[in-house]
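**Q** Have a look; sequence and predicted model below, questions after that.
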Amino acid sequence: MDTLQTIFAMQKELASMMDLSRYPSSREGRISSLATAIIHEAVELQRLTSWKWWKRPTPFNEEMAREELIDIWHFTVQASIELGLTPEDIMREYQKKNQINRQRQKDGY
């Protein structure tokens, strides 16, 4: 089993342990909730940076940043599972989008 397959298996096991009584019943609702969680985790990650030019900078806490990034991964993997994506699907979609982004760079995007 490769690394991404292991992550998916771990996420499925974690989800099976959770109390999902408040988890939306519709797939659209679950995707919306997961997207909201991803956004909030991204904001938590961003808050660890000194992006406010008007404030005195604070030291960057890489350990906390890694933790927030992994929180994003948890929700992203769960959203992938909700959308029926497999690790192989993700690789295929990533490769397709990577080629588009490469072409955009060549074209001066």
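**A** Yep, it's here.

**Q** Quote the end-to-end distance of stretch 57-64.
**A** Start-to-end span of stretch 57-64 (CA to CA, to the nearest Å) is 16 Å.

**Q** Run the chain-centre distance for that stretch.
**A** In terms of CA atoms, centre = their mean, to the nearest Å, the centre of stretch 57-64 is found 20 Å from the chain centre.

**Q** next one: stretch 38-55
**A** 16 Å.

**Q** Over to stretch 48-61?
**A** The chain centroid and the centroid of stretch 48-61 are separated by 23 Å, computed with CA atoms, centre = their mean.

**Q** Buried residues in that stretch, which are they?
**A** residue 48 (16 or more other CB atoms under 10 Å). From N, CA and C alone the C-beta is placed, and that goes for glycine too.

**Q** Ends of it, what's the gap?
**A** 7 Å.

**Q** Could you shift the numbering so residue one becomes 652, and keep it that way?
**A** Yes, from this point I'll number from 652; that puts the last item at stretch 699-712.

**Q** which residue ranges form the helices in the chain?
**A** In the chain, the helices defined using DSSP state H lie at 654-668, 678-698, 713-733, 738-757.

**Q** Throw the ones you listed into a markdown table and include mean pLDDT and distance to residue 704, thanks.
**A** Formatted as a markdown table, the helices of the chain follow (pLDDT from 0 to 100; distance: least, CB to CB, whole Å):
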| stretch | mean pLDDT | distance to residue 704 |
| --- | --- | --- |
| helix 654-668 | 96 | 36 |
| helix 678-698 | 98 | 14 |
| helix 713-733 | 98 | 19 |
| helix 738-757 | 97 | 28 |
